[in-house]
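[1] What follows is a predicted structure for the sequence shown.
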Amino acid sequence: MEAIGTYFATNAANFAAGAVLFFTLPNILAIFGGVFIGTFFGALPGMSITMSVALVMPFTFGMDPLTGLSLLVAVYVGAIYGGSVSAILLNTPGTPAAAATSLDGFALAQKGQAGKALHMANWSSMVGDLFSTLIVIMVFPLLAKLAIHFGSPEYFALILFSITVIGGVAGKSMILGLLSGCLGFLVATVGMDPVGGDGRFDFGSLELLKGFSFVPLMIGLFAIPEILRQISRAGGSSRPVTIAQVSSSEPADNRLTWFEFKSSFRHMIRGGLVGLILGVIPGLGATPAAFVSYERAKRASKKPEEFGNGSLEGIAAAEAGNNAVNGATLVPLLTLGIPGDVITAIMLGAFLIFDLQPGPLLFIQHADVIFGLFCALLMCDVALRVVGLVFIPHCHLLTRIPTGFVFPAVLVMCFFGSYAVNNSLFDVFAMISFGIGGFFMARLGMSPVPFLIAFILAPMLERGLRRSLVISDGDPMILLQSPIAIVFYIFTAIAIYSIAKGRFRGKGSVSE
Amino acid sequence: MSRSVGHLPTTGNLDMGTNRQFSSETGRKLAVPLAFLVFSALLVVWLIPNYVSIAFANPNGLNPRFFPYMISAVMAALAAGRIVSIMTSEQQDDAEPYLAVPIGIEVLVVIAVIYGCYFLFGLIGMMPASIIAMMITMLCFRIRNPIWVIAYSVFICVLLFLFFEVLASVPIPRGIWLRHLY
């Protein structure tokens, strides 16, 4: 007990020192400016979070270390949130992490309730991030110990559990949803083998040997089918059509009520927890967190049938899940010096530029800077809300502009955005092809969401399994020797059981 | 009471028109799983053995062909399951494929424009090709005012070009024909 008391007392003292260091005018301005810039970049399809952070980085070189790091963190937080804006308004996620948000956000925008959806995304981003950051501040040394125990077998078990999400978002036909997932798995195998580097399905092409990039694929799957659907709508009408399919909306349609916030709050907290757990583990990132959180919320909801048709709970879960990753991804970086993804690798570079070496010694030598950075993360949540309050009343008006002005602009944005990811025209071709493919998949009753999830998780799953077997000289028992892995296998079994039960119950009620 | 297996009547009570309608609907639904079955077979017989290299495979673990084979097997099993469910299900299937709804001419035009625009990127550059694509797409969206169409397309594409080229330092392709002009 005494040790726990000492632990929390030390944490509190460090937090106070960090707060004193952080609360200066330049730092606060850096946070508000960074969140604004990040939100703007995040809302543009193709402007990845990585690119946003990388663009701002050169401006931080002349700044005080905490100010520079705060600016980078603020851009990161803003960009993750910003992805939801275009996902809701245009069904074109600005960032991969916002793909889950578009499932319900755009449906609400079509009902003339874009403002409500944007407010919910804003609040849940804030609550999810706040919740996970507070827990990170309290227990990050323990979380770092958890992260270090994640070897290949545990990783495999975790991804296996995450893949059950596909069952929850398969659409009306489970088999067609699973077939869509299989296609995603197959497309993910194109390129270099993740273990040995052998070429797979490259057909002698260097571009295919590199594999398909995620961002062009996602932009294509969501944006192009939506553009083609909107053209069909516009073609069938003699008057200009808008995204919002109702001619007028009440002011209440663009406000979030206390009851709506309250009923989604538990999904935000659950999303915060999911984002925290998945964020701590290097390499997972915000996108799986959003989908896992969304699927868990759907299963726990009293109105699961609304998910995919404009559920505020769905938006709350997805946004809380992806934003909760923000603070958590910093844990392995700060405590162990392990960058979990590209963005934290850029952050690692920034730390080194400021002469701060991430790792266990960082907390002994620069505890005030680290806790100052946590204060910056908390301040980002305040800034998110302020940015939301300023822009949401104007943003939702986009759904009232004729689609003939909106979607052609989205189309060329997709061209430029897909190209900008790797400066490659092949990515543009891939974006177009997956887009047309997604359009026909939808016509066949196949949801593109399982495809997307499988595409993200397949390389991780394969890497986890095959590396485990290489480590054990081919002995599959290595997969069952870790208690953490066994816990995830149990979770997987429970998830499959509950999905199957939900499906049979659904069929029963239909036949009744 | 007449009972049908899938949508194919087992009794002779239905007239030929209904029979033909049921057959074409079932046929349309069967097309997707059948295509997946054929694709799985192609993967196993031709694509994986020829286009998945195992030159650097680690002898202690799974080789690079394991996952593609596994996916093919799962895909074939699911497709077979789908065929069985279509053939044996009494009620209408839960998925609602809308292949029967024709694709509008505007949609086909835009698909052609998107691909055409991609091939123009290398010739006239991304910005001019995007302006052309945007103008045609706006016309397909029934924006009829030519001033609006031209001005808006040029404005958006130039803005995006400047944003990516100048601010984000992304070298936007200028095409082999027009690269000296801007």
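    That came through fine.
[2] C-alpha from now on. contacts and neighbour counts both.
    Noted.
[3] who are the neighbours in contact with the spatially most central residue of chain B?
    Nearest to the geometric centre of chain B sits B:Ile111, at 10.7 Å (CA atoms, centre = their mean). Under the criterion of CA atoms under 8 Å, 6 or more residues apart in numbering or on different chains, the contact list for B:Ile111 reads A:Ile436.
[4] And it, how close does it get to A:Pro216?
    Relative to A:Pro216, B:Ile111 is positioned 17 Å away (criterion: CA to CA, to the nearest Å).
[5] Assign the residue most central in space within chain A to helix, strand or coil.
    When chain A is reduced to its mean C-alpha position, the nearest residue by CA atoms, centre = their mean turns out to be A:Ala97, at 2.4 Å. Taken by DSSP: H, G, I helix; E, B strand; the rest coil, the conformation at A:Ala97 corresponds to helix.
[6] Which helix or strand contains the closest residue to it other than its chain neighbours?
    Excluding the flanking residues, the one nearest A:Ala97 by CA to CA, 6 or more residues apart in numbering or on different chains is A:Thr287, at 4.1 Å. Under the criterion DSSP states H and E, the helix or strand holding A:Thr287 is helix A:286-300.
[7] so what does the following helix or strand past that helix touch, helix or strand wise?
    Helices and strands here follow DSSP H and E; after helix A:286-300, the next one along the chain is helix A:312-323. Based on contacts counted as 3 or more CA pairs under 8 Å, 6 or more residues apart in numbering or on different chains; DSSP states H and E, the elements that helix A:312-323 packs against are helix A:65-90, helix A:99-110, helix A:114-148, helix A:258-280, helix A:286-300.
[8] can you rerun that using 7 Å?
    Judged by 3 or more CA pairs under 7 Å, 6 or more residues apart in numbering or on different chains; DSSP states H and E, the packing partners of helix A:312-323 are helix A:99-110, helix A:114-148, helix A:258-280, helix A:286-300.
[9] interface residues of chain A facing chain B?
    Contact residues (CA under 7 Å from any CA of the partner chain) of chain A with chain B: A:55, A:172-173, A:175, A:179, A:182, A:186, A:193, A:196, A:198-201, A:203, A:228, A:231-232, A:234-235, A:404-405, A:408-409, A:412, A:420, A:423, A:429, A:443-445, A:466, A:469-470, A:473-474.
[10] Okay, now the unreliable bits of the stretch 401-512 of chain A?
    A:505-512 (pLDDT under 70).
[11] just the strands in it please.
    When assigned using DSSP state E, counting those that start in this stretch, the stretch 401-512 of chain A turns out to have no strands.
[12] for the stretch 401-512 of chain A, what spans make up the helices?
    Secondary structure of the stretch 401-512 of chain A (DSSP state H, counting those that start in this stretch): helices at A:403-422, A:425-443, A:448-471, A:483-511.
[13] Run through the helices of chain B in chain order.
    Listed in chain order, the helices of chain B (DSSP state H) span residues B:16-42, B:48-51, B:66-88, B:105-124, B:126-140, B:146-162.
[14] if you average pLDDT over each of the ones you listed, which comes out lowest?
    Comparing mean pLDDT across the helices of chain B, the weakest is helix B:16-42, with a mean of 77.
[15] thinking again about what came up before, surely the residue nearest to the centre of chain A is in contact with A:Val292?
    No - with the criterion set as CA atoms under 7 Å, A:Ala97 and A:Val292 do not qualify as a contacting pair; they are 11.4 Å apart.
[16] tell me what the helix holding A:Thr287 is packed against?
    In terms of contacts (3+ CA pairs under 7 Å, 6+ apart), helix A:286-300 is packed against helix A:165-168, helix A:258-280, helix A:312-323.
[17] Between these, which one is closest to A:Ala244.
    Between A:Ala244 and the helices and strands packed on helix A:286-300, the tightest spacing by CA to CA is seen for helix A:312-323, at 16.8 Å.
[18] That closest one: what's the following helix or strand?
    Next along from helix A:312-323, by DSSP H and E: helix A:325-328.
[19] mind listing what's buried in that following helix?
    A:Val325, A:Asn326, A:Gly327, A:Ala328 (16 or more other CA atoms under 10 Å in any protein chain shown).
[20] Next: stretch A:436-450.
    Burial within stretch A:436-450, assessed by neighbour count using 16+ other CA under 10 Å, is assigned to A:436-439, A:441-450.
[21] Then stretch A:333-350?
    Of the residues in stretch A:333-350, those scored as buried under the neighbour-count criterion (16+ other CA under 10 Å) are A:333-341, A:343-350.
[22] Next, count neighbours for A:Met218.
    Neighbouring residues of A:Met218 were enumerated by other CA atoms under 10 Å in any protein chain shown; the total is 29.
[23] That one: what's it in contact with?
    With contacts defined as CA atoms under 7 Å, 6 or more residues apart in numbering or on different chains, the neighbours of A:Met218 are A:Pro96.
[24] ok, it to A:Leu333 distance?
    Separation of A:Met218 from A:Leu333 (CA to CA): 28 Å.
[25] Quick one: name the residues of chain B near chain A.
    B:51-58, B:60-62, B:64, B:68, B:71, B:75, B:78, B:82, B:94-99, B:104, B:106-107, B:118, B:130, B:134, B:137-138, B:140-143, B:156, B:168, B:170.
[26] Buried subset of those as a ChimeraX selection?
    This is how ChimeraX selects the buried members of the residues of chain B next to chain A, with burial counted by 16+ other CA under 10 Å:
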select /B:51,52,53,54,57,58,61,62,64,68,71,75,78,82,95,97,106,107,118,130,134,137,138,140,141,142,143,156,168,170
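[27] Where does pLDDT dip in the stretch 151-300 of chain A?
    Ranges of the stretch 151-300 of chain A meeting pLDDT under 70: A:245-249, A:283.
[28] For the residue of it found nearest chain B, which residues are in contact?
    Shortest the stretch 151-300 of chain A-to-chain B distance, computed as CA to the nearest CA: residue-wise this is A:Arg200, at 4.3 Å. Counting by CA under 7 Å, 6+ apart, A:Arg200 touches A:Thr189, A:Val190, A:Gly191, A:Met192, A:Asp193, B:Tyr51, B:Val52, B:Ser53.
[29] count of neighbours near the fifth one?
    Other residues near A:Asp193 number 24, with proximity taken as other CA under 10 Å.
[30] for the third one, same thing?
    Using other CA under 10 Å, the number of residues around A:Gly191 comes to 23.
[31] hang on, it packs against A:Ser205?
    No - counting by CA under 7 Å, A:Ser205 is not a contact partner of A:Gly191; they are 9.5 Å apart.
[32] which residues do the two both contact?
    Contacts common to A:Gly191 and A:Ser205, judged by CA under 7 Å, 6+ apart, are absent.
[33] what sits against A:Ala121?
    Contacts here follow CA under 7 Å, 6+ apart; on that basis A:Ala121 touches A:Ser84, A:Ile315, A:Ala316, A:Glu319.
[34] In terms of pLDDT, where does it sit?
    For A:Ala121, the model assigns a pLDDT of 93.
[35] neighbouring contacts of stretch A:73-88?
    For stretch A:73-88, the external contacting residues (CA under 7 Å, 6+ apart) are A:31, A:34-43, A:49, A:52-53, A:92-95, A:97-99, A:101-102, A:105-106, A:109, A:114, A:118, A:121, A:125, A:323, A:326, A:380, A:384.
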